[in-house]
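Novice: generate coordinates for the sequence data below:
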Amino acid sequence: MRSRSILTLFAAVAAVGGLLWWTSRTEPAPSTRVDAAPPRAAAPVDVALHAPPADVLQPAEPSKPVEPPPTLDGRYALRYAMTMSGADAVGNVPQALMVLTGTLVVEPAQEGERRWLKASLEGASLQLDEALRKVTDFPAAPDGEFKQPFAVPLERDGRVVDIRFARDLSLATRGTLAAVMQAAQFVRVDPAAAEYDLPEWSVNGTLSSHWLRKSASEYVRAWRGAEYVDTAGGLDPAPAQSSFGEGTITLANGRIEKVEANERGTARTGAQVQRRPSYTTSVELTRMEGKASVAAARPDALTPLVTSQLHIPLPREPAVPFEEAMAQVEAAGDKRAERAVARKTLMYTLMASPASATQAEAVFRRPGTPDAVKRTTVEALAGAATPEAQSVLASVMLDDKVLVTDRLFVVQATVGVKKPREQLLDDMARLAYEHPDKIYASQVAMALGAEIAWAAEHNVKTATGYLAGYLQHAAAVLQPPNAGEPKRLRERSNWLGGLGNLASPNALPFIEAALSDPEQGIRASAAHALRFQDPRPVRERMQQIMHQDQSMTVRLGILHAARYMGPESQKTLVERALTYDPSENVRTEAAYVISAWLPQAPGLRQVLAQALEQERSEKVRHVLRNFLEPGRIAPPGQLIPTVNELIPPEYRSTTENP
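Specialist: Numbering: from 1, shown residues only. Prediction:
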């Protein structure tokens, strides 16, 4: 899998850093005409891995156009803006902003059948916040780079083939200019066609675009893109990121006169979908008076833009001595903000000095060490993820002489090991499958599911080997008890949590079976476990549960899963819950889900406003008013059962009051 930094997204400065390995999470945006592939049933785990179908990676070539369509030609006032929210793969850059302005000079060139655009950006002005400045390689004085000529080879129908730059240009400059040119490509096969669909080029792979001719001089374009990765289980290829946008291109005198385009999207930076950076971009190009003249920029003499090269290592903070780092941990105690800073400091120390993992273990095992210090220490070990750190984590989990509460600190922290070694996976599997304390074993199994998913980001074949054994044991544990036997609610619920963490379609049959369990706690855990699954094959089942299941906790679990799946597939379900569900708590949760989607889909504020008009419960009305105010979004207090110990406290519930 390619390593990516915050330069790799369409905006060239938004974060993508993980492999969405076994499950597709995104459906076509309603504004496009691209139909989703029909869902398929989960295949057995021994199905060989396969790449995305050829028709996904290599769209069929359209027929040749009668004549080349208009292109950029002349001098254009440019404004390019990008905003990003969310965290990258290591938790950096929660928010970022950049604005680029200047004069884009474009001169068409042709040599026989070859067509290309010569271009450069004059008078570039770049506003870049400090967060992005630290992790991009934009030069201190960007104008010198932006004005260097670059070339855009074109197909006869106007599609961009690739974009070529001088070899010494920064990757950030290349990615940004490529994003601008992608937004400005005008593709047309048949001048008489009023509506058509075409595959097109973008920084992150092929786009599916729908074009609509509103008049002879105005075309509207909507597009959807996804970068695909290899999948397992015989399912559809999975997008590592998704984007959709729309724009207008105005033509005059045989050339492009004006371009307005906006795009928004999300990307997964790991198997855990909680980390889904979202971004928006806008491109405005308006033709100006004046003749365009660009220095020689032949494609053959320049370097193609290769998106796999768009990676700049994130800066690492300097490490401090172990004693100093541990002093920060002890001083932070259980104060949340201070603990986060101290955890990162200790993590960098453990990465710089792997042998200090044994010192951290000694602190953890020392009698009298406060629980907050223990938690911060093992979380730092998990974040460092060195072989020595992983060995310490396994050693504590395997040691039955350690209090089970302390071992659970380690189990919870282990979910943060993003590159688990096979030895750690083996040790966790042995605990999950063989430990005599079945509750503790199930808690390890829940974390093991997440670790198998993390392992798949780096080696799908290895992870698939662990998957088969995991599913075999899950099938045995999840068998409903016979009459008179213990219900094993905690054990079964924890294993369902692990199946959810797998994010694998192969886990779906077990989760779906548990949705029909007579115990509401099991059904609620199964509902929560749907959150990382492809929404297409489970959407109707989720709607059925929201309509028929009498348990408020189960319906809350479905809404929790819907929040992760996103508004593209779950808007209708959540809106119905907000409008019709008899439970105040469920309606409150539905309001929160919609509020959480607002950065991606700001138009959903209208749904909240309409709900406020018709809501009669003052409790729910108060929540809706808060959510309609910017910055006032917080999760409700009750969501899913407490039997899942690894579920964050804010998502647990202990009562069934409607």
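
Novice: what's downstream of the helix or strand where Ala119 lies, the next helix or strand?
Specialist: With elements taken from DSSP states H and E, the one containing Ala119 is strand 114-128. Counting by DSSP H and E, the next helix or strand C-terminal to strand 114-128 is helix 130-135.

Novice: what is that following helix packed up against?
Specialist: Applying 3 or more Cβ pairs under 8 Å, 6 or more residues apart in numbering; DSSP states H and E, one finds that helix 130-135 contacts strand 95-111. C-beta: built from backbone N, CA, C; applies to glycine.

Novice: would you mind checking the average pLDDT for the strand it packs on?
Specialist: Averaged across strand 95-111, pLDDT comes to 88.

Novice: how about it: buried residues?
Specialist: Ala96, Met98, Leu100, Thr101, Gly102, Thr103, Leu104, Val105, Val106, Glu107, Pro108, Ala109 (16 or more other Cβ atoms under 10 Å).

Novice: next, the angle strand 114-128 makes with that strand.
Specialist: 160 degrees (axes from the mean of the first three to the mean of the last three Cα atoms, to 10 degrees).

Novice: let the chain start at 481 from now.
Specialist: Sure, I'll start counting at 481 from here, so that last one is strand 575-591.

Novice: off-centre distance for the helix or strand hosting Val872?
Specialist: Using DSSP H and E, Val872 sits in helix 867-878. Relative to the centre of its chain, helix 867-878 is centred 29 Å away, using Cα atoms, centre = their mean, to the nearest Å.

Novice: okay, now the unreliable bits of the stretch 581-730 of the chain?
Specialist: Residue ranges of the stretch 581-730 of the chain with pLDDT under 70: 684-685, 706-721.

Novice: how about the strands in it?
Specialist: 594-608, 630-634, 644-645, 675-680, 687-695, 698-709, 718-732 (DSSP state E, counting those that start in this stretch).

Novice: which of those strands sits most buried?
Specialist: Mean neighbours per residue, mean count of other Cβ atoms under 10 Å, is largest over these for strand 630-634, with a mean of 25.

Novice: for the stretch 931-1080 of the chain, what spans make up the helices?
Specialist: Counting by DSSP state H, counting those that start in this stretch, the stretch 931-1080 of the chain has helices at residues 940-957, 969-982, 988-994, 1000-1009, 1015-1028, 1032-1045, 1047-1060, 1064-1077.

Novice: just checking, what packs against the longest one?
Specialist: Packing contacts for helix 940-957, counted by 3+ Cβ pairs under 8 Å, 6+ apart, involve helix 902-914, helix 918-936, helix 969-982, helix 988-994.

Novice: what's the angle from the second one to helix 902-914?
Specialist: Note on geometry: by the same axes, to 10 degrees, helix 918-936 and helix 902-914 are set 150 degrees apart in direction.

Novice: how about helix 918-936: buried residues?
Specialist: Going by neighbour count (16+ other Cβ under 10 Å), the buried part of helix 918-936 is 918, 920-936.

Novice: and which of the buried residues of strand 575-591 is nearest Ala955?
Specialist: Ala576 (44.5 Å; Cβ to Cβ).

Novice: what is the neighbour count of Leu1092?
Specialist: Number of residues near Leu1092 (other Cβ atoms under 10 Å) recorded here: 17.

Novice: hmm, Arg1105 and it touching each other?
Specialist: Yes. Look at Leu1092 against Arg1105 with Cβ atoms under 8 Å: they come within range, at 6.6 Å.

Novice: please enumerate the strands of the stretch 731-880 of the chain.
Specialist: 735-747, 758-768, 783-784.

Novice: name the helices or strands packed onto the longest one?
Specialist: This points to strand 735-747. Here strand 735-747 touches helix 651-663, strand 698-709, strand 718-732, strand 758-768, going by 3+ Cβ pairs under 8 Å, 6+ apart.

Novice: got the buried residues for it?
Specialist: Residues of strand 735-747 classed as buried by neighbour count (16+ other Cβ under 10 Å): Ile736, Glu737, Lys738, Val739, Ala741, Asn742, Glu743, Arg744, Gly745, Thr746, Ala747.

Novice: and those residues as a markdown table, adding distance to Arg594?
Specialist: Formatted as a markdown table, the buried residues of strand 735-747 follow (distance: Cβ to Cβ, whole Å):
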| residue | distance to Arg594 |
| --- | --- |
| Ile736 | 20 |
| Glu737 | 25 |
| Lys738 | 27 |
| Val739 | 24 |
| Ala741 | 26 |
| Asn742 | 32 |
| Glu743 | 29 |
| Arg744 | 35 |
| Gly745 | 32 |
| Thr746 | 37 |
| Ala747 | 34 |
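
Novice: reformat the residues you listed as CSV; add pLDDT and distance to Pro1082.
Specialist: Formatted as CSV, these follow (pLDDT from 0 to 100; distance: Cβ to Cβ, whole Å):
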residue, pLDDT, distance to Pro1082
Ile736, 95, 29
Glu737, 95, 29
Lys738, 96, 24
Val739, 96, 23
Ala741, 94, 17
Asn742, 91, 12
Glu743, 89, 14
Arg744, 84, 9
Gly745, 79, 14
Thr746, 73, 14
Ala747, 61, 19
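
Novice: measure the residue nearest to Pro961 when sequence neighbours are not counted to Gly1001 for me?
Specialist: Closest residue to Pro961 apart from its sequence neighbours, by Cβ to Cβ, 6 or more residues apart in numbering: Lys967 at 5.7 Å. Relative to Gly1001, Lys967 is positioned 9 Å away (Cβ to Cβ, to the nearest Å).

Novice: who has more neighbours, these two?
Specialist: Comparing Lys967 with Gly1001 by other Cβ under 10 Å, the one with more neighbours is Gly1001, at 24 against 14.

Novice: Arg968 is in contact with the more buried one, correct?
Specialist: No. Contact criterion Cβ under 8 Å: Gly1001 and Arg968 do not qualify, at 11.0 Å.

Novice: any regions of the chain where pLDDT drops low?
Specialist: Using pLDDT under 70, the flagged stretches of the chain are 481-546, 566-575, 684-685, 706-721, 747-757, 777, 786-797, 1110-1138.

Novice: make it 50
Specialist: Within the chain, the ranges that satisfy pLDDT under 50 run 481-545, 568-573, 708-719, 749-755, 790-794, 1111-1114, 1117-1138.

Novice: all set, thanks.
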